[in-house]
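**Student:** here is my input, please return the structure:
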Amino acid sequence: MPLEVFVHGALCVSYSGQCLTSESLGGRSANRGQCAQACRLPYDLVVDGRIKDLGDKAYLLSPSDLAAYDLIGDLIDRGVASFKIEGRLKSAHYVAATCQTYRAAIDAKNAGNSFAISPSQQHDLEQTFSRGFTHGFLDGVNHQKLVAARFPKARGTRMGTVVSKTDRSVIIHPEVPQAHDRHVVGANDKHSPIALKPGDGVVFDEGHPEQDKQGGRLFAVKQKPAPTAHRPGKGEKSPAPSAAPAELELEFRDGDINLAAINPGAIVWKTDDPAIKRRLEHSFARETVARRVAVDFVLNAEVGEHLELIGRIAGSAIEARARWNEKPLEPASKFPITESAAREQLGRMGDTPFVLGNVTLKTGPTAHTTAGAMVPKSILNDLRRQVCAALQRLREKPAQTIDATALDTLRQEITQTESISPAPPQKSPADRTPETPALYVLVRTMEQLDALLAHTGPLRPAMVYVEFEDVRRYPDAVRRCRDAAMPVGLATLRIVKPAEHGFLKQVSDCRPDALLVRSLAAVGYYHERAPEIPLIGDYALNIANELTAAIFAAAGLVRMVPSYDLNWKQLAAMLARFNPARFECVIHQHMPMFHMEHCVFAHTLSNGKDFHDCGRPCERHRVDLRDRVGEAHPLIPDVGCRNTVFNAQAQTAAEFVPEMRRLGVRHFRVELLRETAEETARILDRYAGVLTGQESPAQTLRSLRVLNQLGVTRGTLVHE
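**Tutor:** Alright, predicted model coming up:
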């Protein structure tokens, strides 16, 4: 199958489909294209209860932009067939600059040449949109490079640093271009395509992006001589010329910026270059077509017959024809139609997306005369226009017909089969479909597990799920559950990369009563390697409708957790269309927001690039990310060194439990995060009360708000 690779543009810090931040905080599903970009906001790093000073690093989850133009040749060598450039909310100038650069890289490879980006191309990319460039994970994991953390928005080109000021201007020391480093750019040559000049927009970066920044358009740019440290005395030799670039004096119109707010050391960024925009506009603001498609023509011009023109797009089956029906062709007295004459008229394509290909002239045998036919130029031109217009319509016509009833048909088939089908044959406690509510509890610490096993509340859990960072502790957890006669399920990773199947084997080797699977890799692996262990599909599979549920049911999942992207109206609709006994609804959890390969522990608490040299600070420190409203969101690593940011506030669906039961839901889950043994017992009692009907949802909600220091929210189900 042809492979497409993302090579340029904004990077999400989370794995695709595994970010629930916007949904959790505001009811905007990123999986439906409604991302509110919480990753671009500032966060404080709270280590063991105290805020750690990170200097000018505040945007801990905001990656630099991907730029892989220098890797195009390597990717083509590995068989990549398509390259994707991200363009969400970008300008036409951005589209022009990026497409030109990557087109040049592809063409260079196809011609057998290496590609080296020019300063002008580099500058175009930075000026049209850039948060700084990175190879992302194409070079492998390096937690020190992905996130610069200084700013969340586009900055343009770094031009230098402020060294002093006058009453009307700012003096800067420009950056020196480094040919071997594509990230360091700048110029002090007024003829350079990246030089500062009047009309350019600049901004001064003091290292505090959340504060108002000074910036504006340059009125004048003057070059100042490079300073000399020592003047030679009598008899002394003159020092060698300095290699340092001259300083630049930047002047602004009166009132455009507040010079008093600009301090030495501030970084100067060129954010706008009108000259670049004008140049790029020439590449897309013209009326001519950049790429044309060849059209082959057949002209039937037989004396005594009607003139007919047939056009076919070269290399395709798209064909159109036009005919002159006014009268049959007559013999020419002077200038009969010839192939060269036909090519001259047919080649006048104008502003169509076509170019002339082959021309075949058919005059045919005739009993009337040996002279060729007389073909009026105006008639031939009219036929050409008709054929080209028809070909253009055919090109734009969808290649496939659309069955508008297909979705309704699929839904009806699923409703007729799954909504009334019995549960799968019972192979273990994981398969039970009880008439009374069954409670399942997910624990993340051994303390929570011991508290649950020792708990003697009104509703004994049907099963406990164990999710530890260290999978080496799973055998001990299974043994403790066996000793307490408690069925146990073990959770898998949400992401399984090539060569990581060993993590899946470690889990199934513990021989649990069930496996809580969170990826397609896990479903496929266990279906082949451990078919005897029941599989429960977790939220990370994004089961948001009955069509997806039917696919996973056919794959052998005994139960499934509905996607956390669903509000109550959407969840109720799915429960009405698919057997509700096949679902396990989570009614208490800290929403897993960001799930990412980037390790904040390594980035902020070490100098290491990955787990080989980071020193594993995650094993020694408890870390939270505190947002702008003061909420400290727990940061939890997993065995694959991936990080998950959980919502600080737990959310509860207690108020929806009676309606879920009425709709046929029998399986309910409570998830714990950092709760103590005492808190674990209290939470279990509260949900046992509402599930058994001994406590009203309103009472449970009030009790939970008292129990939790930060309170609880009503969660994503209430979002519209």
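
**Student:** any idea how far Gly87 is from Arg40?
**Tutor:** Gly87 is 18 Å from Arg40, where distance means CB to CB, to the nearest Å. Yep, even glycine has a C-beta here, placed from its N, CA and C like the rest.

**Student:** same thing with Met591?
**Tutor:** From Met591 across to Arg40, the span is 19 Å (CB to CB).

**Student:** what's the mean pLDDT across the longest strand along the chain?
**Tutor:** For the chain, the strand with the greatest residue count under DSSP state E is strand 584-596. Strand 584-596 shows a mean pLDDT of 96.

**Student:** so which elements touch it?
**Tutor:** helix 21-26, strand 643-652, strand 667-671, helix 677-692 (3 or more CB pairs under 8 Å, 6 or more residues apart in numbering; DSSP states H and E).

**Student:** next one: it to chain centre, how far?
**Tutor:** Taking CA atoms, centre = their mean, to the nearest Å, one finds the center of strand 584-596 at 20 Å from the center of the full chain.

**Student:** what about Met591 and Arg40, which has more around it?
**Tutor:** The neighbour count for Met591 versus Arg40, taken as other CB atoms under 10 Å, is higher for Met591 (24 against 17).

**Student:** check contacts around the more buried one.
**Tutor:** For Met591, the contact set (CB atoms under 8 Å, 6 or more residues apart in numbering) comprises Leu20, Glu23, Ser24, Tyr564, Phe646, Asn647, Gln651, Gly715, Thr716.

**Student:** try 10 Å this time
**Tutor:** Each residue near Met591 by CB atoms under 10 Å, 6 or more residues apart in numbering is listed here: 20-21, 23-25, 539, 564, 633, 645-651, 671, 713, 715-716.

**Student:** pLDDT below threshold where in the stretch 51-200 of the chain?
**Tutor:** 176-193 (pLDDT under 70).

**Student:** all strands of the stretch 501-650 of the chain, in order?
**Tutor:** For the stretch 501-650 of the chain, the strands defined by DSSP state E, counting those that start in this stretch cover 514-517, 535-537, 557-560, 584-596, 623-626, 632-637, 643-652.

**Student:** ok, the longest one: who's next to it in the sheet?
**Tutor:** Put plainly, it is strand 584-596. With DSSP bridges as the test, strand 584-596 is paired with strand 643-652 (antiparallel), strand 667-671 (parallel).

**Student:** contacts for stretch 518-528 next, please.
**Tutor:** Stretch 518-528 is contacted from outside by 18, 467, 491-498, 500-501, 503-505, 507-508, 515-517, 532-541, 552, 555-557, 561, 595, using CB under 10 Å, 6+ apart.

**Student:** the residues you listed in helices, which ones?
**Tutor:** Judged by DSSP state H, the subset of the contacts of stretch 518-528 located in helices is His501, Phe503, Leu504, Lys505, Val507, Ser508, Phe552.

**Student:** can you select the buried ones from those in ChimeraX?
**Tutor:** Remark: buried members of those, expressed as a ChimeraX selection using 16 or more other CB atoms under 10 Å:
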select :503,504,507,508,552
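
**Student:** dump the ones in helices among the contacts of stretch 518-528 to CSV, plus pLDDT and distance to Met660.
**Tutor:** Output for these, formatted as CSV (pLDDT from 0 to 100; distance: CB to CB, whole Å):
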residue, pLDDT, distance to Met660
His501, 92, 36
Phe503, 93, 33
Leu504, 96, 31
Lys505, 96, 36
Val507, 96, 29
Ser508, 97, 31
Phe552, 96, 20
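
**Student:** farthest-apart pair in the ones in helices among the contacts of stretch 518-528, please.
**Tutor:** Lys505 and Phe552 (22.0 Å; CB to CB).

**Student:** care to break the protein down by domain?
**Tutor:** Domain segmentation of the chain under automatic domain parsing yields 3-134, 157-225+245-284, 296-396, 433-593+647-718.

**Student:** can you redo the ones you listed as CSV with distance to Ala406?
**Tutor:** Formatted as CSV, those follow (distance: least, CB to CB, whole Å):
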stretch, distance to Ala406
domain 3-134, 21
domain 157-225+245-284, 37
domain 296-396, 23
domain 433-593+647-718, 11
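
**Student:** scan the helices and strands of this structure for the one with the lowest mean pLDDT.
**Tutor:** helix 406-418 (a mean of 84; mean pLDDT, DSSP states H and E).

**Student:** which strands or helices does that one pack on?
**Tutor:** Helix 406-418 is packed against helix 546-554, helix 568-577, with contacts defined by 3 or more CB pairs under 10 Å, 6 or more residues apart in numbering; DSSP states H and E.

**Student:** OK, contacts around the residue positioned nearest the centre of the chain?
**Tutor:** Nearest residue to the geometric centre of the chain (CA atoms, centre = their mean): Cys12, 4.8 Å. Contact analysis of Cys12 by CB under 10 Å, 6+ apart lists Gln18, Cys19, Ala30, Cys35, Gln37, Cys39, Leu61, Pro63, Glu86, Phe594, Met596.

**Student:** determine which two of those are furthest apart.
**Tutor:** Farthest pair in those, by CB to CB: Glu86 and Phe594, 18.9 Å.

**Student:** what about stretch 252-271, how long is it end to end?
**Tutor:** 15 Å (CA to CA, to the nearest Å).

**Student:** ditto for stretch 457-470
**Tutor:** 29 Å.

**Student:** what comes up buried for it?
**Tutor:** Within stretch 457-470, the residues that qualify as buried are Gly457, Leu459, Pro461, Ala462, Met463, Val464, Tyr465, Val466, Glu467, Phe468, Glu469, counting by 16+ other CB under 10 Å.

**Student:** now secondary structure and distance to Leu346 too, for those residues, in a markdown table please.
**Tutor:** Formatted as a markdown table, the buried residues of stretch 457-470 follow (DSSP: H, G, I helix; E, B strand; the rest coil; distance: CB to CB, whole Å):
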| residue | secondary structure | distance to Leu346 |
| --- | --- | --- |
| Gly457 | coil | 86 |
| Leu459 | coil | 82 |
| Pro461 | coil | 79 |
| Ala462 | coil | 77 |
| Met463 | strand | 75 |
| Val464 | strand | 77 |
| Tyr465 | strand | 72 |
| Val466 | strand | 75 |
| Glu467 | coil | 70 |
| Phe468 | coil | 74 |
| Glu469 | coil | 71 |
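
**Student:** thank you, goodbye.
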